[in-house]
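Chemist: Prediction below, plus the sequence it came from.
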Amino acid sequence: MGKTSKAAAITTSLEAARRLAVTKQRLAGKLPSRPTGEQILSVVGDLCYVQWDPIDAVAPSHIISLWSRLGNFRPSDLDTLLWDERKLFLHWTPASIVLTEDFPLLYSLMRRYPESLSKSWGGWKIRARKFLAQHIELRKRILNQLRNGPLRLSQFQDYVRTGRSPDGWSSGSDVSNMLFHLQMTGDVIIVGHEGNQNVWGLTEKFLPSWVEKRKVTGDEFEHEIAQRAIRALGTATPREIHLYFPRGRYLNLKSNLERLEEESVIHRVHVIGLDGRDERYVHDKDVQLLESMGSNMWQPRMTLLAPFDNLLGHRSRTSRMFGFDYVHENFLPKSKRKFGTFVHPILWSDKIIGRVDLLRDKKNEKLLVNSVHAEPDAPRDKEVVSKIGETLEELAGFLGAEEVVYTVRVPKAWSSLR
């Protein structure tokens, strides 16, 4: 492995590229003994975001994503960071937990919305323009109501309960749609969460006074945020960067990557085992780390990945890098589900070796393992099987379940799990 000249691509193995990806995603190495709020902030910063999903059939996806990287952290610390200290906030990148100190960067997108949407959003930009133009008075009324304090969706005077919208992104009500757009423009912010409902407030009232108020141009934004995305991914193609963070918001990515390469901030990297059609980049600060991935510095770990884990965010990338195809089967009709409803991949070292379909029985304090599936090339030794069992027990303990209960759907290679 080595860099022969400034213009030459760095050559590395697929194994090293995978290991770098896992390392940069904070899924390798030892877990902290006592996770703190500062370590939660560190994870969110390194990953750029943690996707927010409150469905808790097992646990909310963002909770499991943080557990995979921190172990038994206190969810109350996350709540404190979000709602009290406001060092984190929720934004649509997609719906994600992000650092409040990054607000100036994201505000670059907000103040240009909807023109800051890329072509990958399809007709959304045109629909957003039209909706905002047609509902100027509704916008004024919502902002006026929020001047008296935070509100849940159902508390707005104009709110009328409706079914889902045709695009499936909102409840279909004009108030819900307007709140989404106002979040995208930076006028409103989510200031709390009650049950499954967001609590909305004015950004000017709830954004901490310590947040820097600098203005960032579109090119300055892409120059900085593309670097963060590359570092979070380890190595990445332009498309992977575009789809990672903030999803679908780059307007001049190609020219900005060219500039970063000219400045030697990023380098082209050729991964042996991946076809060479794509341009792949690594950040200059991670070249030495990439070169160390074949040494004993690499510390593998086993964990379970949340359904919306950052490592799984781009299906094509996950398939190419890890040889693993992951589909959110909870969105499919039951008859078309192959692996289950709430499926959590099993990460061991730099490979995804299987998946488990889980459900938490809160009433009886049990973690139900409805099925376990091994990948065709998954290891079969007793040590790995034992680690899978231990990891499930650890997750159960973290969730407050007193017992892990298996069904009959366990692969023969891992039959000792039951």
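Modeler: Perfect, thanks for sending it.

Chemist: Please work out how many residues are found near P32.
Modeler: Residues lying near P32 (other Cβ atoms under 10 Å) number 14. Quick note: C-beta positions are derived from backbone N, CA and C, even for glycine.

Chemist: repeat for E220
Modeler: Around E220 there are 14 residues (other Cβ under 10 Å).

Chemist: which one is it nearest to, not counting chain neighbours?
Modeler: S108 (7.4 Å; Cβ to Cβ, 6 or more residues apart in numbering).

Chemist: Contacts only, for the one you found.
Modeler: 116, 215-218, 220-221 (Cβ atoms under 8 Å, 6 or more residues apart in numbering).

Chemist: Could you measure from it over to E224?
Modeler: 10 Å (Cβ to Cβ, to the nearest Å).

Chemist: anything in contact with each of the two?
Modeler: Joint contacts of S108 and E224 (Cβ under 8 Å, 6+ apart) are V216.

Chemist: Parallel or antiparallel, list what pairs with the helix or strand containing I352.
Modeler: For I352, the host element (DSSP states H and E) is strand 351-361. Partners of strand 351-361 in the sheet, by DSSP bridges, are strand 343-348 (antiparallel), strand 366-374 (antiparallel).

Chemist: In helices, which of the contacts of S108 fall?
Modeler: Filtering those for membership in helices, criterion DSSP state H, returns 218, 220-221.

Chemist: Return the closest of those with respect to L88.
Modeler: Using Cβ to Cβ, F221 comes nearest to L88 of the ones in helices among the contacts of S108, at 19.9 Å.

Chemist: Can you report how many residues neighbour that closest one?
Modeler: F221 has 24 nearby residues by other Cβ under 10 Å.

Chemist: Can you name the residues that contact it?
Modeler: Going by Cβ under 8 Å, 6+ apart, the list of residues near F221 reads 105, 108-109.

Chemist: Next one: it from A232, what distance?
Modeler: Counting by Cβ to Cβ - F221 and A232 are separated by 16 Å.

Chemist: Over to E402?
Modeler: In this view, E402 and A232 are 36 Å apart by Cβ to Cβ.

Chemist: The two: which is more packed in?
Modeler: Set E402 next to A232 and count neighbours by other Cβ under 10 Å: A232 wins out with 23 against 10.

Chemist: isn't the more buried one right up against R26?
Modeler: No. Assessed by Cβ atoms under 8 Å, A232 is found out of contact with R26, at 9.5 Å.

Chemist: which residues do the two both contact?
Modeler: Counting by Cβ under 8 Å, 6+ apart, the common neighbours of A232 and R26 are 46-47.

Chemist: show me where the stretch 51-200 of the chain has strands.
Modeler: Assigned by DSSP state E, counting those that start in this stretch, the stretch 51-200 of the chain shows strands spanning 88-92, 95-99, 151-152, 188-194, 197-202.

Chemist: Same list, these, but as a markdown table with distance to F308, mean neighbour count and mean pLDDT please.
Modeler: Converted to a markdown table, these look like this (distance: least, Cβ to Cβ, whole Å; neighbours: other Cβ atoms under 10 Å; pLDDT from 0 to 100):
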| stretch | distance to F308 | mean neighbour count | mean pLDDT |
| --- | --- | --- | --- |
| strand 88-92 | 14 | 21 | 93 |
| strand 95-99 | 9 | 21 | 95 |
| strand 151-152 | 24 | 18 | 96 |
| strand 188-194 | 17 | 19 | 94 |
| strand 197-202 | 17 | 19 | 94 |
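
Chemist: Dump the ones you listed to CSV, plus distance to H267.
Modeler: Formatted as CSV, the strands of the stretch 51-200 of the chain follow (distance: least, Cβ to Cβ, whole Å):
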stretch, distance to H267
strand 88-92, 30
strand 95-99, 26
strand 151-152, 49
strand 188-194, 38
strand 197-202, 41
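
Chemist: Just tell me which of those strands ends up closest to R317.
Modeler: Among the strands of the stretch 51-200 of the chain, strand 95-99 comes nearest to R317, with 17.8 Å by Cβ to Cβ.

Chemist: who does the closest one pair up with?
Modeler: strand 50-51 (antiparallel), strand 88-92 (antiparallel).

Chemist: Can you pull out the low-pLDDT segments for the protein?
Modeler: For the chain, applying pLDDT under 70 flags the ranges 1-7, 161-172, 276-278, 408-409, 418.
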